[in-house]
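Participant: Quick check, what structure comes out for this input:
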Amino acid sequence: MSIRGRQGPFTLAVCAEMVFRELPVAERVRRITELDFQIELWDWTRHDIDLLVALREEGAVYSSMTGYVRGSLTDPAGADELLATAAESVAVARRLGIPRLNLHGTGLGGDGLPVTPATVVTGEMWLAAHRTLSRVARLGEAHGVTFVLENLNTAVDHPGVPFGRADDCLALVASVGSDHLRLMLDLYHAQIGEGNLIELCRRALPWIGEIQVADVPGRCEPGTGEINYFGVARALAEMGFAGTIGLEAWASGESTTALRAFRRAFTV
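Facilitator: All right, here's what the predicted structure looks like:
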């Protein structure tokens with residue numbers, strides 16, 4: 001029996017928040033499932049969880065979702081709040097069968113901007129983030145899920161987010177050294193902030209929990225911008241990556257066409 005979303009060495013998933021936006025979320029999930037992709041979600045508090053659970057009976061497979069509601073990595077009160085809402089997120093993830101829960105350097109508002117921006121990241125903030133992520137990893141281990149820390153660009157979409165660079169996220173994940181804390185390597189954000197994507201993937205490979213993609217500029221599907229995703233896909237296959245690749249991108253036109261372009265880019 002085939003695995004939902006499997007394409008060659010990769011499993012392909014699509015963020016339901018960013019495509020088929022003219023439809024209710026449940027219908028987006030159905031459409032993405034019909035096109036043979038797994039489903040990614042953002043803030044679970046905005047959705048009818050009972051309905052999303054019921055869609056599993058129709059074949060929907062959920063890949064990841066945001067793994068906290070509020071909080072931050074770098075101060076005691078924020079860390080406690082992040083852990084508390086992460087525990088709530090774990091309970092929802094277990095109902096949806098979601099294996100990966102996404103984290104950021106700090107809480108994001110509805111416009112993607114940090115609730116508490118950081119203009120300077122101090123050594124104490126690094127140490128606090130390490131302590132918080134160690135607690136998060138223990139929570140993941142206790143419940144059989146994996147938390148993934150996502151890099152975010154600060155030049156275009158998320159100014160003021162601490163630990164935005166992929167190298168920063170990689171350093172934190174590696175310092176914790178847990179199978180239940182991995183890197184959500186977002187290549188759209190990394191292209192804006194760092195570039196040299198194939199070597200970044202190679203360096204991060206032991207710690208990658210999932211890879212997310214969109215093209216630059218515009219954050220649309222592969223083939224609409226400057227990133228050679230065909231080359232990235234070949235390189236990932238050659239280096240032995242066999243995990244999930246998620247399309248976290250706006251459709252430049254019709255959503256079905258965008259999803260097919262994504263599949264073509266990662267067919268190797």
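Participant: buried set for stretch 161-179?
Facilitator: For stretch 161-179, a neighbour-count test (16 or more other Cβ atoms under 10 Å) marks 161-166, 168-170, 172-173, 176, 178 as buried. All C-beta atoms are positioned from the backbone trio N, CA, C, and that covers glycine.
Participant: Nearest to residue 99 among the residues you listed?
Facilitator: Of all the buried residues of stretch 161-179, the one sitting nearest residue 99 is residue 178; the distance, using Cβ to Cβ, is 14.9 Å.
Participant: and the gap between the closest one and residue 149?
Facilitator: 11 Å (Cβ to Cβ, to the nearest Å).
Participant: Same check on residue 212?
Facilitator: On the measure of Cβ to Cβ, residue 212 and residue 149 end up 12 Å apart.
Participant: Need the overlap of contacts for these two.
Facilitator: Shared contacts of residue 212 and residue 149 (Cβ atoms under 8 Å, 6 or more residues apart in numbering): residue 184.
Participant: quick one, which of those two is more surrounded?
Facilitator: Per other Cβ atoms under 10 Å, whichever of residue 212 and residue 149 has more neighbours is residue 149, with 28 against 25.
Participant: How about the more buried one: which residues does it bridge to?
Facilitator: When assigned by DSSP bridges, residue 149 has beta-bridge partners residue 103, residue 183.
Participant: where does the protein have low pLDDT?
Facilitator: 1-2 (pLDDT under 70).
Participant: ok, which stretches of it are strands?
Facilitator: For the chain, the strands defined by DSSP state E occupy 6-7, 10-15, 38-40, 62-66, 100-103, 146-150, 181-186, 208-213, 244-247.
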